[in-house]
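>>> Predicted model, plus sequence, below.
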Amino acid sequence: MAEERKFTDQELARRAKLDKYRELGVDPYGHRFEVNCHAEDVLKLNQGLQPEEVASRPVFLAGRIVLLRKMGKASFFHLLDRSGKIQCYIRQDEVGLKNYQIFKLADLGDICGVKGVVMKTKTGEITVRVKEYVHLSKSLKPLPDKHHGLVDKEERYRKRYVDTIVNDDARRTAIMRPIIVRELRHWFDDHGYLEVETPILQPTLGGANARPFVTHHNALDEDFYLRIATELELKRLIVGGMERVYEVGRIFRNEGIDLFHNPEFTTVEAYQAFGDLSDMMNLTEDLIRTLALKVRGTTKIHFNGADIDVGPEFRRANMTDLIKEKTGVDFNEVHSDEEALELAKKFNVPTEPHFRYGHVINAFFDQFCESELIQPIFVCRHPLDVSPLAMKCKDDPRFTQRFEIYIGGHELANAFTELNDPDDQLSRFEKQLEDKNKGDAEACEVDYDYINALEYGLAPTGGIGIGIDRLVMFLTSEDSIREVILFPTLRRKVDKTAEEEEVGLVGEKKEEAKEEPKKEEKKVEEQPKVEENKPEEKCCECSCDDDPVVLEPLQDNSWKINTRDLKDRKLMFKYRLVIKKNSKKPRKLKY
């Protein structure tokens, strides 16, 4: 049976208006309305009006009411459409009694259309003088207060549909992102690149070092990976004769979430036959500079707490030189894995069992250099051990023809001169497999079909991958990747209205939960009881000493917590508790 819904007084009042609309012959959820302009157009085209002057051209606008001042027989309201807000003025003697009655039923958040003319008020504000008000859709939930109602960031991300109504910055960023992606596509199209699409479901893990998401295809009865990169498929197309290709696509990596990482994100990867690393440098520098000028009108952008200028030529530096600047260690003079690992120990750089010379260099760079790279820089000559798809440097095979771009202390792009020797590539894949067996969960697998493609011949090729989300962050001056992804990945929200929750998330409300009465028709093992007078072990290092939560056994010999009688659920979900299955007797737990 469906749970009975509960409404606030405001929601009940709004729902009561549904019948009032119907009594007036108005459908609360409206029909088509023809729009001939938008708020931004009206504001721009009528700046020349004099105070109290009225334009002759009629305007038809539609949008959401975001400000409402009802004053007897005349009222003001602000209409928000896709371009912005505009003030509207409505009078009963101009729209008629019935039409004004329909308007008087309006609430903040309602969607409406207006037909009228444009005027400038005595105070100089461009305003639509309404001649006809058309109700289009009723908002049954009140909008949150602009300054106090939707301030929790996670709630904003969960309810992006509300966030973009009340938060001008969120709406502006949401509009900017597709504009940036459109301009990026134009750049590649104008430079002779062909946009293609490659599979998201992949039978082999490759193209990057990352933990994958795994899914099962029922019809084929096989497991597939959600792609962690588009690289190998795009290079297959270069083998096939498509000399310049790019793809804007979703990537999935089963990794952590922070200000610069989201498990589901977007990249653009591009590959150019008969090119190399220098071509990719020129491409990236020109692309970033062009996008900055197109969408911001300047090459100077404030990002991540710093003023960054992408106008001058980007600095170029070798990874080992940057490490030497910060630590004094010259890895060019280090010639063994053992020596590198000893240096890591000396400088307190964390290592893993599979680490070799190149892994240590990369770890040094991450720890001592990355966050310091504020102005645009190409970090070049990455170690071979962490670059399995890049061509070796001719002067030192321990390093590769690879660069990463850093802006504002974070990586923005990654590029190579692509490895096109199939035997060398197979050897590197096998080395990655050894790393995986030693515990490197991010190492890629051997893609024999890709080796087969290389054996047909891959032209000398330059390739690059750019994180679009981070690029949008930079161009919009946002400090979190979740601000530029409309619906970022979030932990599933626990239903706080459920009567019983399995042990997992428990809050801190200091009130005892009562044991549920036994049902006579079901026989279960004897209920474990908590001895109230017996001293108990503390569940944590805190000073809490309240009565324990009552536990009940389940048929699978695990335990659940009964929270039916908790009166206040607002703080129910703060602490995570773990109870091992098959335990004969539960610990006494506190909440």
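Yes, it's here. Residues are numbered from 1 along each chain as shown.

>>> How much space separates the nearest residue to K138 once chain neighbours are set aside from A390?
In space, and not counting its chain neighbours, K138 is closest to P28: 4.5 Å by C-beta to C-beta, 6 or more residues apart in numbering. Every C-beta, even on glycine, is put in place using the N, C-alpha and C of the backbone. Taking C-beta to C-beta, to the nearest Å as the measure, P28 and A390 are separated by 61 Å.

>>> When those two are compared, which one has more neighbours?
Neighbour totals were compared for P28 and A390, and A390 leads with 23 against 18 (other C-beta atoms under 10 Å).

>>> ok, the more buried one touching D421?
No. Checked against C-beta atoms under 8 Å, the pair A390 and D421 is beyond contact range at 11.6 Å.

>>> dump the residue contacts of L80.
Neighbouring residues of L80 by C-beta atoms under 8 Å, 6 or more residues apart in numbering: 39, 63-66, 165.

>>> same thing with R185?
Counting by C-beta under 8 Å, 6+ apart, R185 touches 195, 248.

>>> pretty sure it belongs to a strand, no?
No. Counting by DSSP: H, G, I helix; E, B strand; the rest coil, R185 is not part of a strand but helix.

>>> Can you give me the neighbour number for the closest residue in space to Q101 that isn't next to it in sequence?
Of all residues not flanking Q101 in the chain, L24 sits nearest, at 6.4 Å (C-beta to C-beta, 6+ apart). Around L24 there are 13 other residues, counting by other C-beta under 10 Å.

>>> can I assume L24 is in contact with F103?
No. With contact defined as C-beta under 8 Å, L24 does not count as touching F103 (10.9 Å).

>>> re the thing from before, OK, contacts around the residue nearest to K138?
17-18, 21-22, 135, 137-138.

>>> Distance-wise, check the residue nearest to Q101 relative to I102.
From L24 to I102 the distance is 6 Å (C-beta to C-beta).

>>> do G465 as well
55 Å.

>>> just A443 next, same as before
65 Å.

>>> Repeat that for T8.
From T8 to I102 the distance is 24 Å (C-beta to C-beta).

>>> which of those two has more neighbours?
Shown here are T8 and I102; by other C-beta under 10 Å, I102 has more neighbours (20 against 10).

>>> for the strand or helix carrying the more buried one, packing partners?
Counting by DSSP states H and E, the element that carries I102 is helix 97-104. On a contact count with 3 or more C-beta pairs under 8 Å, 6 or more residues apart in numbering; DSSP states H and E, helix 97-104 meets strand 84-91, strand 126-137.

>>> just the angle between the very next helix or strand once past that helix and strand 84-91, please?
Next along the chain after helix 97-104, taking DSSP H and E as the criterion, comes strand 111-120. Angle of strand 111-120 versus strand 84-91, following axes from the mean of the first three to the mean of the last three C-alpha atoms, to 10 degrees, is 80 degrees.

>>> Just the C-alpha atoms of strand 111-120, please, in CSV.
Taking C-alpha atoms only, strand 111-120 is exported to CSV below (Å, rounded to 0.1, in the frame of the first residue of the first chain):
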residue,chain,number,x,y,z
ILE,A,111,4.5,29.5,-14.8
CYS,A,112,2.5,32.0,-16.8
GLY,A,113,2.4,33.8,-20.1
VAL,A,114,1.8,37.5,-20.6
LYS,A,115,0.7,39.6,-23.6
GLY,A,116,1.3,43.3,-23.4
VAL,A,117,3.4,46.3,-24.3
VAL,A,118,6.7,47.6,-23.1
MET,A,119,7.0,50.7,-21.0
LYS,A,120,9.6,52.4,-18.8
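
>>> got a list of what the nearest residue to L486 once chain neighbours are set aside touches?
Leaving aside its sequence neighbours, L486 sits nearest to R160 (C-beta to C-beta, 6+ apart; 5.6 Å). With C-beta under 8 Å, 6+ apart as the criterion, the residues that contact R160 are 170, 174, 486-487.
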